[in-house]
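Colleague: heads up, no residue letters with this:
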């Protein structure tokens, strides 16, 4: 089973890595991250912190664009181009196909995130030729990467039953809501109306809490997340992604290909 | 139907596809039953929209039936048995990952089938040469013509040496030479002890290749049987080719009806209703100094059966 998942993943990696639009996004990301070098000079305050702050935000934004753009077409492209007919007629289970596709895209996102983080790290280090190395950039990028994996799983989930456009809208909506779940929790805690209390709590637990992976501010202020925060984020990602992929597999298992 | 040498048994297969949210689903297959026996070549004939591709998708678990049972190698296809290792499938107008080369694509297929890289490479080389793709195996698939894609589709369906090969329109998009090669491949598969089930619009190919035929129209089976049984032993007419074409007056004086023949260049092709008439016409024509180049008894062709059966269901549908 792992062999088949790996084969599908490596093919997905090959497919995404040959996508010209991906290179356009990466090139633009490099340009924006590079611009932080000049932007820092125009700012007042700790220049290195500004580089880390804006640079990590750029990695986050461009990573999300890549994850959503590639994720929403992950399954639908295979169905539209009918390549899935040949793959599923081999001894491949449908859940293996879903896992392989999501895993393949995760490898691509790992590489692109690493590339962007390395560029930012280099810029941060060479700033005014006396910059200091900031390993926190890589730590915050791991958090961003975990968020991208979760978004990939959500995009995969939506692409099993709807069009790429709708998948994109749903995933972007969840991305926005995912950074606001803390507000739902505090609204639920402060409200005296039972419906708001329960509704707020339900939304907090059901929607993905993407702030769990947000360590950008900590790194900008030269603090690293503790091992427990890191472990919690990994555990949360594992559980949430497993649930989403399980739902995706469930829906995909009974899908008719017309 | 459940004899031990059945590779495939389909019983009461029914399938509908939803259209719009508020409209009734469209019935694509209606109580379809037939079987495919070991080492047979079975042709699946039917007009566009008859339900051939849907049936083939159900066999490959790409679509799910509303009712009915499909048994492959004696086991229900939903029993969880890993029968896909024993099946080779080529979809209609196959599509591939365009960024891969034929060799890379076959490697992917081989890995998915659990083959070792060495086995995949040696088998790929053999198959690519068999389907006429040697020399272009390193080219990206996006540069392939429709016929080349069809050949690659055929190669991937045979890669893991399956016992049962299902081909959806294997001749479509191929030139006459390509069709001839595919016919040769299908015959070779049978000679190697494999079972082949293929759908086609090209009746002459089905007639030339198949042991048995299943005809489908509007989701219902309209005919099934051995090709020779369907065609029957009855002689429809006897065709005489006469050279040079005699004048109409001479034919009239010999008692040959004007509608009995048609000119073909310098020749005249006559259709005698039975052997007695054919003998009489030949005697007259030979006496008048004409040459009878050929005298062939004509049987029903599969195409006639197909047109007859499909037309019959059309009339039935109109009456209903």
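Modeller: Perfect, thanks for sending it. This one's a predicted model, so the numbers in the text were calculated from it and none came from an experiment.
Colleague: for residue A:85, what are its contacts?
Modeller: A:257, B:57, B:60, B:62, B:89, B:91, B:94, B:95 (C-beta atoms under 8 Å, 6 or more residues apart in numbering or on different chains). The way it works is simple: take the backbone N, C-alpha and C, and place the C-beta from them, glycine included.
Colleague: who in chain A is up against chain B?
Modeller: A:3-4, A:7-8, A:11, A:14-15, A:18, A:81-83, A:85-92, A:254, A:256-258 (C-beta under 8 Å from any C-beta of the partner chain).
Colleague: Ranking by neighbours, what's the top pick from the contacts of residue A:85?
Modeller: Ranked by the number of neighbours (other C-beta atoms under 10 Å in any protein chain shown), those place residue B:89 first, at 26 neighbours.
Colleague: which phi and psi does that one have?
Modeller: The phi/psi pair for residue B:89 (degrees, to the nearest 10) reads phi -130, psi 130.
Colleague: same thing with residue A:165?
Modeller: Residue torsions, per degrees, to the nearest 10, at residue A:165 are phi -60, psi -50.
Colleague: still on that earlier bit, tabulate the contacts of residue A:85 (TSV), appending pLDDT.
Modeller: Listed next are these as TSV, based on pLDDT from 0 to 100:
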residue	pLDDT
A:257	86
B:57	94
B:60	91
B:62	92
B:89	94
B:91	92
B:94	83
B:95	85
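Colleague: Among these, which one lies nearest to residue B:131?
Modeller: residue B:94 (12.2 Å; C-beta to C-beta).
Colleague: Could you check how far residue A:217 is from residue B:296?
Modeller: 91 Å (C-beta to C-beta, to the nearest Å).
Colleague: what does residue A:193 give?
Modeller: 92 Å.
Colleague: got a list of what residue A:154 touches?
Modeller: Contacts of residue A:154 (C-beta under 8 Å, 6+ apart): A:71, A:170, A:171, A:174, A:208, A:244.
Colleague: try 10 Å
Modeller: Contact analysis of residue A:154 by C-beta atoms under 10 Å, 6 or more residues apart in numbering or on different chains lists A:67-68, A:71-72, A:167, A:170-175, A:178, A:208, A:240-241, A:244-245, A:248.
Colleague: Quick check: PyMOL command selecting the buried ones in the residues you listed.
Modeller: Of the contacts of residue A:154, the buried ones can be selected in PyMOL as follows, counting by 16 or more other C-beta atoms under 10 Å in any protein chain shown:
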select buried, chain A and resi 67+68+71+72+167+170+171+172+174+175+178+208+240+241+244+245+248
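Colleague: So which of the contacts of residue A:154 sit within helices?
Modeller: Those of these mapping onto helices are A:67-68, A:71-72, A:167, A:170-175, A:178, A:240-241, A:244-245, A:248, per DSSP state H.
Colleague: In a strand, residue B:109, correct?
Modeller: No: per DSSP: H, G, I helix; E, B strand; the rest coil, residue B:109 lies outside any strand segment and is helix.
Colleague: tell me the contacts of it?
Modeller: Taking C-beta under 10 Å, 6+ apart, one finds A:7, A:86-87, A:89-90, B:96, B:115, B:120, B:124, B:155-157, B:159-160 in contact with residue B:109.
Colleague: what does residue B:253 give?
Modeller: Residue B:253 neighbours (C-beta under 10 Å, 6+ apart): B:246, B:247, B:284, B:288.
Colleague: now do residue A:182
Modeller: Counting by C-beta under 10 Å, 6+ apart, residue A:182 has contacts A:204, A:209, A:211, A:212.
Colleague: was I right about the third one contacting residue A:150?
Modeller: Just to be clear, that refers to residue A:211. No: with contact defined as C-beta atoms under 10 Å, residue A:211 and residue A:150 do not form a contacting pair (11.8 Å).
Colleague: Find residues that contact each of these two.
Modeller: residue A:178.
Colleague: Have a look at those two and say which one is more surrounded.
Modeller: Neighbours around residue A:211 and residue A:150, counted as other C-beta under 10 Å, are more numerous at residue A:150. The numbers are 24 against 13.
Colleague: Share the number of residues neighbouring residue B:188, please.
Modeller: For residue B:188, using other C-beta under 10 Å, the count is 12.
Colleague: Would you agree it is in contact with residue B:209?
Modeller: No: the pair residue B:188 and residue B:209 does not pass the contact test of C-beta under 10 Å, sitting 11.5 Å apart.
Colleague: measure residue A:221 to residue A:138 for me?
Modeller: In terms of C-beta to C-beta, residue A:221 sits 16 Å off from residue A:138.
Colleague: neighbour count winner among the two?
Modeller: residue A:138 (16 against 12).
Colleague: Just the contacts of residue A:85: which are in strands?
Modeller: residue B:89 (DSSP state E).
Colleague: so who does residue A:151 touch?
Modeller: Counted by C-beta under 10 Å, 6+ apart, residue A:151 has contacts A:63-64, A:66-68, A:71, A:109, A:171-172, A:174-175, A:178, A:208, A:210.
Colleague: got any ranges where the stretch 151-300 of chain B has weak pLDDT?
Modeller: For the stretch 151-300 of chain B, the stretches flagged by pLDDT under 70 are B:233.
Colleague: Tell me the residues of it that contact chain A?
Modeller: Within the stretch 151-300 of chain B, the positions near chain A by C-beta under 10 Å from any C-beta of the partner chain are B:153, B:156, B:157, B:159, B:160, B:166, B:168.
Colleague: In helices, which of these fall?
Modeller: B:153, B:156, B:157.
Colleague: List the contacts of residue B:168.
Modeller: With C-beta under 10 Å, 6+ apart, residue B:168 has these contacts: A:85, B:44, B:52-53, B:55-57, B:59-60, B:89-94, B:153, B:157, B:197-200.
Colleague: where along the stretch 201-320 of chain B do the strands fall?
Modeller: Applying DSSP state E, counting those that start in this stretch to the stretch 201-320 of chain B gives strands spanning B:212-217, B:220-226, B:235-243, B:261-264, B:267-272, B:291-299.
Colleague: quick one, which of those is packed in tightest?
Modeller: strand B:212-217 (a mean of 24; mean count of other C-beta atoms under 10 Å in any protein chain shown).
Colleague: Who does it pair with, and is each partner parallel or antiparallel?
Modeller: strand B:41-45 (parallel), strand B:220-226 (antiparallel) (DSSP bridges).
Colleague: ok, so of the contacts of residue B:109, who is nearest residue A:39?
Modeller: Using C-beta to C-beta, those come closest to residue A:39 at residue A:7, 44.0 Å.
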